[in-house]
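I would like the atomic coordinates for the input below:
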Amino acid sequence: QVQLVESGGGLVQAGGSLRLSCAASGRTFSRYAMGWFRQAPGKEREFVAAISSGASTHYKDSVKGRFTISRDNAKNTVSLQMNNLKPEDTAVYYCAARSGSIYYSTPSQYDVWGQGAQVTVSS
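Coordinates of the predicted model:
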């Protein structure tokens, strides 16, 4: 089973950009579908983006055109490039992995979670 470590969170002004990275241990990373989720204070964890083992992608409607998920199987990493950030994007962002090629948008479908990275967007 993989283990996940996120990096790249921080504080940015509205309209700015951040890139989150998630490093995975293990030799079977390419067989996992990967997802990014976020959780704001007092709210449930919500889907942001996902990528299948074959690199098909899926996004939450509100981030389409602003966020891009990608993976590098040679480096065992998945990234989330976030552009034109808005205050409502403020949350703790989590990387997640599920064994199998297909992605899902529900947290319960994912087996392994990272520790989370704080993203704060000021207005």
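
wait, what's in contact with Ala49?
35-36, 57-60, 63, 67-69, 80 (Cβ atoms under 8 Å, 6 or more residues apart in numbering). Yep, even glycine has a C-beta here, placed from its N, CA and C like the rest.

Only the buried subset of those, as a ChimeraX command please.
The buried residues among these can be selected in ChimeraX (16 or more other Cβ atoms under 10 Å) with this line:
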select :35,36,58,59,60,63,67,68,69,80
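
Tell me the one of the contacts of Ala49 nearest Gly9?
Minimum distance to Gly9 across the contacts of Ala49 is 10.4 Å, recorded for Leu80 (Cβ to Cβ).

coming back round to it: out of the contacts of Ala49, who's nearest Arg98?
For these, the nearest to Arg98 is Gly35 (7.4 Å; Cβ to Cβ).

for stretch 109-121, how far is the first residue from the last?
End-to-end distance of stretch 109-121: 29 Å, with Cα to Cα, to the nearest Å as the criterion.

Enumerate residues external to that stretch that contact any of its residues.
Here stretch 109-121 has contacts from 1-14, 16, 18, 20, 22, 35, 38-39, 82, 85-99, 104, using Cβ under 8 Å, 6+ apart.

Closest one to Phe47 out of the contacts of Ala49, please.
For the contacts of Ala49, the nearest to Phe47 is Lys60 (5.6 Å; Cβ to Cβ).

so what's the closest one up against?
Lys60 touches 46-49, 105, counting by Cβ under 8 Å, 6+ apart.

who are the neighbours in contact with Tyr93?
6, 9, 20, 36-38, 48, 80, 116-119.

Which members of the contacts of stretch 109-121 are classed as buried?
2, 4, 6, 8-9, 12, 18, 20, 22, 35, 38, 82, 85, 89-98, 104.
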